[in-house]
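Participant: Below: sequence and its predicted model.
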Amino acid sequence: MLKEWRGMTPRERREAIDGYISISPWAVGFLLFTLGPLLATTYYSFTEWTLTKPPVWIGFDNYIRMFTKDPLFLQALKVTGNFVLLSVPLKLVFGLALALLLNLKLKGMDFYRTVFYIPAVISGVAVSLMWIWLLQPDTGVINTLLEMVGIQGPNWFWDPDWALPSVALMSVWSVGGSAIIYLAGLQNIPPHLYEAAEIDGAGKWAQFWKITLPLLTPTLFFQLIVEMIESFKVFTQAFVITKGGPLKATYFYLYYFYEEAFQNFNMGYASALALVLVVIIMTATVILNYTSKHWVYYESDTRNA
Amino acid sequence: MTISTTSKSDYKKPLLSKKHRQWIGNGFTYLGMTLLAFIFMIPIFWMFSTSLKSRWEIFIWPPQWIPETPHWENYVEVFTRYPMGRFMLNSGFLVIINIIGEFISVPLIAYGFARLRFPGKNFLFMVMLGTMMIPGHVKLIPLFTIYNRLGLLDTYWPLILPAFFGNPFFIFLMTQYIRTIPRDLDEAARMDGAGTWTILYKIIMPLCKPPLTIILVYTFWWTWNEFLHPLIYLNDFDSFPVQLGLAFFKGRYSVEWNLFMAATLVSIIPILILYFFLQKHLIGGIASVGIKG
């Protein structure tokens, strides 16, 4: 970098200085709010620290404790893992189905887009409060509607077996957000492909499997990663609706982290928890990225062929 | 709607003409869509209906979809018995300061990345993009302890300071946008003797309304809906922003679902107004980010 600097004309140097000045807020913010905290968390994760006394270095003890004698950690991991496996496919399928509907060329479609998109702009707290009320076991409107068709509704958030699926189901209501992204992907598919397929006599079903789905795989892949990361980071629903219960059935990972860090003030152990989640998320992302070679279709592969 | 006319002389036609079949197909689609939209709206309708009931009516079985006499005074109570007005003002303040912060920092930073040449630029830009991948929760503990040591807990500083250093996502968006503005404009201004900063604020900024609108909409939306950070940094009930206040209703007040639902609906209204005014930006912004991100 210094070499580059020597070879510059005064005018270029002037521009470079202006450049550094202009990005300096970001650089300062990066050191203060990202790099610094990241290094600090890593350091704290090797200490025992409860805010009252200075941190004490304990090596890998936090990590060893986590994987060998912390049933809460294992429970949080299990709950969160189950939730990812449950909610991600649900949201992918419903999001895509909704997007396909909204992509139909009909008058007044903007109205429907708005209706389905509104749940996605409402805050997690408001949505959670609303669902507590809707899913009341005795007086809730959902169970009342179910009763009208002769189904005895479950106790939803208040039943250990149903609590986690309930959180997953309520996330489907907000699926309009991902539908909009699929919609953008759908609208990028060149219409001439469908015209050609029509001439060749391909039906709608064949068109979906041979054109729409392959060309949508980049969007699907992007959404898969985003939904997965979001599902690993569920917190608001656990805090507002269930407090991790009943019987720790919704003891989400970040909720455990929050309790350890900001209620019990076990800052050292909580730092280790935070880092482990990052490692899990990164590993999952890398694995998905690796599989993407086999199923994600990139246009540039064939465009110039 | 087009009215298709079938000529009587045309005997070989199938039972229904293609146009007719399409017409019926569309009818079914509309019916299906409307039914689905109706189902999607039940929760919000039920919330609204509950918010207009009296304390006793909410537990009547079978439930009433439309209360006999709407109790609009519930909405008054949300502001008199609950500090909902206070919460909304707090959130409004945070929204405005955060928008100001992003508007000061993001154009400046993005201009540097998009236009100015300096050693190490591409590397730094990659680092910035990389920071978007880092989950926010790993930074919480050190930030909390720093703010604690600086005596800034229970103040708004932790909730507004980061905005003045630029959100990487916005910087990226704005950098990409500035790159599409023809460089001839800069060069011409430079010929006329304009300096770097004059070009930014007199030439580039006025052309950046689209990305600035997206920044405004998103900052409003995210700040209004923010929950985790206020939860960690704030303790004083009177200083709570909307989401935090709502979340603590259930613990603070006796369970009055009619009032809770009224308060929840009130909390959503600013976002709905934002949405209806700036729909194109919210949907378009998300879509463009979704593809590029």
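Facilitator: Received it, and whenever you're ready, just let me know what you need.

Participant: if I look at the residue of the stretch 101-250 of chain B found nearest chain A, how far off is residue A:168?
Facilitator: Distance from chain A to each residue of the stretch 101-250 of chain B (C-beta to the nearest C-beta) is smallest for residue B:165, at 2.6 Å. Just so you know, the C-beta spots here come from the backbone N, C-alpha and C atoms, and that holds for glycine as well. When distance is defined by C-beta to C-beta, to the nearest Å, residue B:165 is 36 Å away from residue A:168.

Participant: okay, the residue of the stretch 101-250 of chain B closest to chain A: pLDDT?
Facilitator: pLDDT for residue B:165: 96.

Participant: Could you say which helix or strand holds residue 89?
Facilitator: Just so you know, I chose chain A. helix A:71-102 (DSSP states H and E).

Participant: ah, I was thinking of chain B
Facilitator: Applying DSSP H and E, one finds residue B:89 within helix B:84-115.

Participant: ok, that helix near chain A or not?
Facilitator: Yes. Counting by C-beta under 8 Å from any C-beta of the partner chain, chain A has neighbours in helix B:84-115: B:105, B:108-109, B:111-113.

Participant: Can you tell me which helices and strands that helix packs against?
Facilitator: helix A:10-29, helix B:121-131, helix B:157-160, helix B:168-179, helix B:209-225, helix B:242-252, helix B:257-292 (3 or more C-beta pairs under 8 Å, 6 or more residues apart in numbering or on different chains; DSSP states H and E).

Participant: got the angle between the first one and helix B:121-131?
Facilitator: In this case it means helix A:10-29. Here helix A:10-29 points in a direction 20 degrees away from that of helix B:121-131 (axes from the mean of the first three to the mean of the last three C-alpha atoms, to 10 degrees).

Participant: what is the orientation angle of helix A:10-29 with helix B:84-115?
Facilitator: 150 degrees.

Participant: and helix A:10-29, which residues are buried?
Facilitator: Buried positions in helix A:10-29, judged by neighbour count with 16 or more other C-beta atoms under 10 Å in any protein chain shown: A:15-16, A:18-20, A:22-23, A:25-27, A:29.

Participant: now those residues in JSON lines, with pLDDT?
Facilitator: Shown next, in JSON lines, are those (pLDDT from 0 to 100):
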{"residue": "A:15", "pLDDT": "90"}
{"residue": "A:16", "pLDDT": "92"}
{"residue": "A:18", "pLDDT": "93"}
{"residue": "A:19", "pLDDT": "94"}
{"residue": "A:20", "pLDDT": "95"}
{"residue": "A:22", "pLDDT": "95"}
{"residue": "A:23", "pLDDT": "95"}
{"residue": "A:25", "pLDDT": "96"}
{"residue": "A:26", "pLDDT": "96"}
{"residue": "A:27", "pLDDT": "96"}
{"residue": "A:29", "pLDDT": "95"}
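
Participant: and those near chain B, which?
Facilitator: A:15-16, A:18-20, A:22-23, A:25-27, A:29.

Participant: if I look at the residue nearest to residue A:23 when sequence neighbours are not counted, how far off is residue A:181?
Facilitator: Using C-beta to C-beta, 6 or more residues apart in numbering or on different chains and skipping the chain neighbours, the partner closest in space to residue A:23 is residue B:112 (4.2 Å). Distance, residue B:112 to residue A:181, using C-beta to C-beta: 30 Å.

Participant: Tell me which of those two has more neighbours.
Facilitator: Ranked by neighbour count (other C-beta atoms under 10 Å in any protein chain shown), residue B:112 and residue A:181 place residue B:112 first, with 29 against 24.

Participant: for the helices and strands packed on helix B:84-115, which one sits closest to residue B:78?
Facilitator: helix B:257-292 (4.7 Å; C-beta to C-beta).

Participant: re earlier: can you pull the buried residues of the helix holding residue A:89?
Facilitator: In helix A:71-102, counting by 16+ other C-beta under 10 Å, buried: A:73, A:75-77, A:79-80, A:83-84, A:86-88, A:90-92, A:94-96, A:98-102.

Participant: Please list which of these are also close to chain B.
Facilitator: Answer for those near chain B (C-beta under 8 Å from any C-beta): residue A:101.

Participant: contacting residues around the residue lying closest to residue A:36 once chain neighbours are set aside?
Facilitator: Spatial nearest neighbour of residue A:36, chain neighbours left out: residue B:142 (6.8 Å); criterion: C-beta to C-beta, 6+ apart. Contacts for residue B:142 (C-beta atoms under 8 Å, 6 or more residues apart in numbering or on different chains) come out as A:36-37, A:40-41, A:44.

Participant: among those residues, which are in helices?
Facilitator: A:36-37, A:40-41, A:44 (DSSP state H).

Participant: want to throw the residues you listed into TSV with pLDDT and neighbour count?
Facilitator: Output for the ones in helices among the contacts of residue B:142, formatted as TSV (pLDDT from 0 to 100; neighbours: other C-beta atoms under 10 Å in any protein chain shown):
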residue	pLDDT	neighbour count
A:36	95	15
A:37	95	23
A:40	95	18
A:41	96	23
A:44	95	24
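
Participant: can you pull the pLDDT of residue B:9?
Facilitator: So residue B:9 comes in at 48 (pLDDT).

Participant: so which helix or strand takes in the closest residue to residue A:298 other than its chain neighbours?
Facilitator: Nearest non-adjacent residue to residue A:298, counting by C-beta to C-beta, 6+ apart: residue A:218, 6.6 Å away. In the assignment (DSSP H and E), residue A:218 maps to helix A:213-232.

Participant: Distance check, the most centrally placed residue in chain A against residue A:239.
Facilitator: In chain A, the C-alpha nearest the mean C-alpha coordinate belongs to residue A:230, at 1.6 Å (C-alpha atoms, centre = their mean). Going from residue A:230 to residue A:239 by C-beta to C-beta gives 16 Å.

Participant: Around chain B, which positions in the stretch 51-200 of chain A sit nearby?
Facilitator: Counting by C-beta under 8 Å from any C-beta, the stretch 51-200 of chain A sits next to chain B at A:51, A:101, A:104, A:106, A:112-119, A:121-126, A:129-131, A:133-134, A:139, A:141, A:144, A:173, A:177, A:180-181, A:183-185, A:188.

Participant: So which of these sit within helices?
Facilitator: Per DSSP H, these map to helices at A:101, A:112-119, A:121, A:124-126, A:129-131, A:133-134, A:141, A:144, A:173, A:177, A:180-181, A:183-185.

Participant: Dump the residues of helix B:84-115 next to chain A into TSV; add pLDDT as well.
Facilitator: Shown next, in TSV, are these (pLDDT from 0 to 100):
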residue	pLDDT
B:105	96
B:108	96
B:109	97
B:111	95
B:112	95
B:113	95
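
Participant: Most neighbours among these, please name it.
Facilitator: Counting neighbours by other C-beta under 10 Å, residue B:112 leads those with 29 neighbours.

Participant: In chain A, what residue lies closest to chain B?
Facilitator: For chain A, C-beta to the nearest C-beta, closest residue to chain B: residue A:29, 2.6 Å.

Participant: Excluding sequence neighbours, find me the nearest residue to that residue.
Facilitator: Excluding its sequence neighbours, the residue lying closest to residue A:29 (C-beta to C-beta, 6+ apart) is residue B:165, at 2.6 Å.

Participant: That neighbour and residue A:31 touch, don't they?
Facilitator: No. Counting by C-beta atoms under 8 Å, residue B:165 stays clear of residue A:31, with 9.7 Å between them.

Participant: Could you check the pLDDT of residue B:285?
Facilitator: Looking at residue B:285, the pLDDT reads 57.
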